[in-house]
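Trainee: Here is my input; please provide its structure:
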Amino acid sequence: MDQLTYIGHATTLLRLDGVSILTDPMLRGWLGPLHRQGPKPDPRTASIADVVVISHLHRDHLDLPSLRRVPKSTPVVVPQDATRWAERAGAEDIREIRAGETVSVGGVEISGVRAVHDGYRDGHRGEQIQALGYLLRRGGRTVYFAGDTDLFPQMSELGPVDLALLPVWGWGLSVGQGHLDPERAARALQMIQPRLAVPIHWGTLYPAGLRLLRPELLTEPPREFARLAGQLAPGVEVRILEPGSETTLQ
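Mentor: Sure, this is the predicted structure:
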């Protein structure tokens with residue numbers, strides 16, 4: 001039985017035909033001034049992953065302390081030239097990939113796809129490493145994990161997919177270029193036309209003080225996305241998962 005657990009932010013655990021795929025693991029209770037909202041991740045999550053995919057180098061997507069919780073022998077797929085960053089977390093089986101390339105890891109076919117997003121490591125502006133999204137194929141099912149991205153014309157070429165994991169917000173008062181907000185994510189559905197969409201990248205990391213002033217930003221973005229998706233892509237099922245919850249993929 002295929003399942004999806006939305007752990008929080010861009011971290012999901014996909015179980016496809018008996019293989020567990022962990023995306024952008026952020027498993028800690030805080031990241032700088034950002035505090036985790038909602039339940040703590042199951043401590044077993046990192047140990048049961050058969051493969052990890054990293055979309056880009058920003059600290060909320062490639063969190064070295066979280067990646068250190070994954071067994072060193074677990075394959076980790078990263079963008080081209082990002083090996084040295086995964087090595088800092090102790091990873092020993094690292095596969096680099098570019099947009100347009102496909103690798104088979106642990107029985108999962110993993111294709112790198114374009115992402116329109118800043119590829120710098122936070123605090124390291126000397127070299128930009130291409131951010132990626134991924135198409136994950138296993139057991140006749142295809143999943144699009146967007147990582148972080150803005151809209152781009154080639155999104156219409158990604159389908160058909162069974163499931164799209166689309167970011168709809170972030171951790172502050174707004175999102176800028178290189179991100180999807182609820183409206184842009186709904187327009188992405190128009191282009192991709194997945195059977196099912198699950199909004200991610202919301203409701204997890206937030207400045208503690210800001211929660212008192214603007215608590216609605218922890219809950220409203222996925223609901224606004226679902227409302228707009230009903231107008232722009234009515235044939236797509238949108239399933240909102242609270243951080244820490246899971247669903248079965250039919």
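
Trainee: Can you pull out the low-pLDDT segments for the chain?
Mentor: Residues of the chain meeting the criterion pLDDT under 70: 122-126.

Trainee: Helices of that one, start to end?
Mentor: Secondary structure of the chain by DSSP state H: the helices cover 45-48, 64-67, 83-88, 182-192, 208-213, 220-232.

Trainee: So which bits of the fifth one are buried?
Mentor: Right, helix 208-213. Going by neighbour count (16 or more other CB atoms under 10 Å), the buried part of helix 208-213 is L210. From N, CA and C alone the C-beta is placed, and that goes for glycine too.

Trainee: can you list contacts of that helix?
Mentor: Identification of contacts with helix 208-213 by CB atoms under 8 Å, 6 or more residues apart in numbering yields P33, H35, Q37, G172, L173, L217, L218.

Trainee: Columns distance to A188 and neighbour count on top of those, output as CSV?
Mentor: Converted to CSV, these look like this (distance: CB to CB, whole Å; neighbours: other CB atoms under 10 Å):
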residue, distance to A188, neighbour count
P33, 29, 12
H35, 29, 17
Q37, 25, 17
G172, 21, 14
L173, 22, 10
L217, 20, 19
L218, 22, 19
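
Trainee: ok, back up a step: which among the helices of the chain is found nearest to A115?
Mentor: A115 lies closest, by CB to CB, to one member of these: helix 182-192, at 11.9 Å.

Trainee: ok, back up a step: and the helices of the chain: which comes nearest L4?
Mentor: L4 lies closest, by CB to CB, to one member of the helices of the chain: helix 45-48, at 13.0 Å.

Trainee: which residues touch that closest one?
Mentor: Helix 45-48 is contacted from outside by T5, I7, L13, S20, L22, P25, L27, S66, R69, V70, P71, using CB under 8 Å, 6+ apart.

Trainee: rewinding a little: could you identify which of the helices of the chain is most buried?
Mentor: Greatest average neighbour count among those goes to helix 182-192 (a mean of 21), per mean count of other CB atoms under 10 Å.
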